[in-house]
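# Kindly generate the corresponding structure for this input.
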Amino acid sequence: MPPVEHREQGTAPADGGAPLVAVVGATATGKSDLAVALARRLDGEVVNADALQLYRGMDIGTAKVTAEERAGVSHHLLDVLEVTEEASVSAYQREAREAIAGIRARGRTPILVGGSGLYVRAVLDDIEFPPTDAALRARLERRAETEGPAALHRELAASDPEAAGIIGPRDARRIVRALEVGALTGRPFTAFLPRPLYADPATVQIGLRRDRADLHERIAVRVERMVQQGLLEEIRGLRERGLDQGLTARRAIGYQQGLAVLDGEMHCAQAVRDTIAGTRRLVRKQDTWFRRDQRISWLDAGSDTLLDQALEVIVTRRTATGPDRS
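Alright, predicted model coming up:
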């Protein structure tokens, strides 16, 4: 997916029709199951917001929904990248919004589902992604190495004091990006920071939560099942398609450990333990990310009436506030 260099339009329905429903939360909470159930009840289609499920062939290790689990519900933005490619959030934003517009054009309900927080926000919120310039960035990175990040931070403080105030003087990556954005757009870096303002006022977010001990157990069971289902064989096949060259794909939790097993650098039992531990760390990060968003309605994923509760949230949130809701 190529980078996007212009501001994307929102996806709000002109006639106040179907809402944009987002099912979010940490890994292994049961988001995909709820999304499919909602799609069946709301005549909907699902749009993937899991960055790793964009990759073809990364099925077992990402717990990608199978054809049987989709239960005939159309899914979008699964299997759209090769493992050698790098995912672009800005390109994902464009393609996800196009998919949502297409779903609405068919008179159906779009349901966004995933745990990749930035990808979710890229679709839902009024976020503009500034352009990039590889040559300019390379020059700035070389300067950061030779002059030190503090020197570039002083330069940033002179041209964009607000950005310098929120970026530490040793954070070379963000300093370089802020200088790059300023040089390319003439606008301050902070003008492009995400704001919690829906691009589509008809958005409803549902978050799934589970007891931490229960979630940890589910993660352990899931990882063991992945190994039994043939995760190592999947990784071996992906390696033949260039997995080692994919900067994002090869570092994914489970895949990084599997490659180490195939290279004789790690025993399978240790790889399982490391994958479980890595997934639990990811869950904590996802929890922190989504908990900051006060617009999410949280539900107990283990409830016997989860679907009914989710439907009630959708109806309540759509009728309780006007079209200018943020």
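
# and Arg142, what element?
Using DSSP states H and E, Arg142 sits in helix 134-147.

# Only alpha carbons, please: show that helix as PDB.
Coordinates of each C-alpha in helix 134-147 appear next as PDB, following Å, rounded to 0.1, in the frame of the first residue of the first chain:
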ATOM      1  CA  ALA A 134      13.100   9.200   2.400                       C
ATOM      2  CA  ALA A 135      16.100  11.300   1.200                       C
ATOM      3  CA  LEU A 136      15.400  14.100   3.600                       C
ATOM      4  CA  ARG A 137      14.900  11.700   6.500                       C
ATOM      5  CA  ALA A 138      18.200  10.000   5.700                       C
ATOM      6  CA  ARG A 139      20.000  13.300   5.800                       C
ATOM      7  CA  LEU A 140      18.500  14.200   9.200                       C
ATOM      8  CA  GLU A 141      19.300  10.700  10.600                       C
ATOM      9  CA  ARG A 142      22.900  11.100   9.500                       C
ATOM     10  CA  ARG A 143      23.100  14.500  11.200                       C
ATOM     11  CA  ALA A 144      21.600  13.000  14.300                       C
ATOM     12  CA  GLU A 145      24.400  10.400  14.300                       C
ATOM     13  CA  THR A 146      27.200  12.800  13.700                       C
ATOM     14  CA  GLU A 147      26.000  15.900  15.500                       C
END
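
# Report all helices and strands that that helix contacts.
If contacts are counted by 3 or more C-beta pairs under 8 Å, 6 or more residues apart in numbering; DSSP states H and E, helix 134-147 sits against helix 149-159, helix 172-185. From N, CA and C alone the C-beta is placed, and that goes for glycine too.

# Which among those is found nearest to Val65?
Of all the helices and strands packed on helix 134-147, helix 172-185 sits nearest to Val65, with 33.7 Å by C-beta to C-beta.

# quick one, that closest one and helix 149-159 angle?
40 degrees (axes from the mean of the first three to the mean of the last three C-alpha atoms, to 10 degrees).

# Could you check the pLDDT of the residue nearest the centre of the chain?
For the chain, the residue nearest the mean C-alpha position is Ser116 (2.3 Å; C-alpha atoms, centre = their mean). The model reports Ser116 with a pLDDT of 97.

# just the helices in the stretch 101-250 of the chain please.
Taking DSSP state H, counting those that start in this stretch to define them, one finds helices in the stretch 101-250 of the chain at 117-124, 134-147, 149-159, 161-166, 172-185, 212-229, 231-240.

# and the gap between Leu52 and Leu282?
11 Å (C-beta to C-beta, to the nearest Å).

# any idea how far Glu265 is from Glu128?
42 Å.

# just Thr279 next, same as before
From Thr279 to Glu128 the distance is 32 Å (C-beta to C-beta).

# Looking at the two, which is more packed in?
Taking neighbours as other C-beta atoms under 10 Å, Thr279 and Glu128 compare with Thr279 leading, 21 against 17.

# For that one, what are phi and psi?
Dihedral angles of Thr279 (phi, psi; degrees, to the nearest 10) stand at phi -70, psi -40.

# cool, Glu45 as well?
The phi/psi pair for Glu45 (degrees, to the nearest 10) is phi -130, psi 150.

# From Glu265, how far off is the closest residue to it other than its chain neighbours?
In this structure, Glu45 finds its nearest non-sequential neighbour in Ser74, 4.3 Å apart by C-beta to C-beta, 6 or more residues apart in numbering. The gap separating Ser74 from Glu265 is 41 Å, by C-beta to C-beta.

# which helices and strands does the helix or strand of the chain with the lowest mean pLDDT pack with?
The helix or strand of the chain with the lowest confidence, counting by mean pLDDT, DSSP states H and E, is helix 306-320 at a mean of 90. Judged by 3+ C-beta pairs under 8 Å, 6+ apart, the packing partners of helix 306-320 are helix 31-42, strand 203-209, strand 297-300.

# Kindly recompute the last result at 6 Å.
strand 203-209 (3 or more C-beta pairs under 6 Å, 6 or more residues apart in numbering; DSSP states H and E).

# Tell me how far the strand it packs on lies from the chain's centre.
Its chain's C-alpha centre and that of strand 203-209 lie 14 Å apart, by C-alpha atoms, centre = their mean, to the nearest Å.

# I'd like the average pLDDT over that strand.
Here the average pLDDT along strand 203-209 is 98.

# for stretch 134-154, same thing?
Stretch 134-154 shows a mean pLDDT of 96.

# Buried ones in it, by neighbour count?
Residues 137, 140, 143-144, 149, 152-153 are the ones in stretch 134-154 that count as buried (16 or more other C-beta atoms under 10 Å).

# need the contact list for the residue nearest to the centre of the chain.
49-51 (C-beta atoms under 6 Å, 6 or more residues apart in numbering).

# Phi and psi next, for it.
phi -90, psi 100.

# Next, find the distance separating the closest residue in space to it that isn't next to it in sequence from Ala135.
In space, and not counting its chain neighbours, Ser116 is closest to Ala51: 4.2 Å by C-beta to C-beta, 6+ apart. Distance, Ala51 to Ala135, by C-beta to C-beta: 26 Å.

# Report the separation between Ala39 and His76.
Going from Ala39 to His76 by C-beta to C-beta gives 11 Å.
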